[in-house]
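K.L.:
need a structure here:
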Amino acid sequence: MPVPRHGLPSISCVLPCRNEARNLELLLPRLAKVLSRISEHFEVIIVDDGSADDTTKVLAQWSTRSGFRVIELSRNFGKEAALSAGLNAARGDVVITMDTDLQHEPELIPTLLQKWRQGYVTRRMRCAAHVRTKACSNAWVRACSTRPWPRAGSSFPPMPVIFA
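P.N.:
Here you go, the predicted model:
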């Protein structure tokens with residue numbers, strides 16, 4: 001059953017990262033502020049893809065905070081593997097993926113969710129058949145779907161994934 005596009009869904013925000021200590025120090029406080037305003041239930045899953053800088057130290061501080069989880073990969077497996085690990089760990093009704101290089105502004109998440117609720121997707125995204133498709137004037141709204149990441153053998157319900 002699809003997640004309803006109204007109300008306050010629980011949100012998982014997946015952040016794959018590698019050697020992003022300085023950027024994480026800037027991004028995470030902003031992200032926490034935004035998510036706490038728009039949802040009572042959120043989690044931020046930061047996947048460290050074999051960082052060699054102070055990323056581990058920064059993540060250790062944030063892992064003790066409510067709503068923040070850290071996954072440390074044993075070595076650098078690549079962004080796709082880190083993203084996949086985060087998506088597999090996500091428990092929210094809605095999953096938002098973001099880069100940690102400050103390319104995506106966390107302050108745009110409320111607008112991203114609003115567009116998703118309205119059924120907006122860009123022409124580049126292939127969505128499940130039951131998701132409405134409309135042209136979107138906001139280029140940063142990349143996509144949403146109700147089952148883009150199948151979970152084999154999982155009883156977890158399908159979730160929308162929004163790529164920022």
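
K.L.:
hey, where'd the strands end up in this structure?
P.N.:
For the chain, the strands defined by DSSP state E occupy 11-17, 42-48, 68-72, 94-97, 161-163.

K.L.:
Just put those in TSV and tack on mean neighbour count, mean pLDDT and distance to residue 29.
P.N.:
Where C-beta positions appear, they are placed from N, C-alpha and C, glycine not excepted. Below are the strands of the chain laid out as TSV (neighbours: other CB atoms under 10 Å; pLDDT from 0 to 100; distance: least, CB to CB, whole Å):
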stretch	mean neighbour count	mean pLDDT	distance to residue 29
strand 11-17	26	95	13
strand 42-48	24	97	11
strand 68-72	18	97	11
strand 94-97	24	91	17
strand 161-163	21	57	22
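
K.L.:
what's the closest of the ones you listed to residue 118?
P.N.:
Between residue 118 and those, the tightest spacing by CB to CB is seen for strand 161-163, at 12.7 Å.

K.L.:
any chance of the strands of the chain in TSV, with distance to residue 57 too?
P.N.:
Converted to TSV, the strands of the chain look like this (distance: least, CB to CB, whole Å):
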stretch	distance to residue 57
strand 11-17	13
strand 42-48	11
strand 68-72	11
strand 94-97	24
strand 161-163	29
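
K.L.:
I appreciate the help and will end here.
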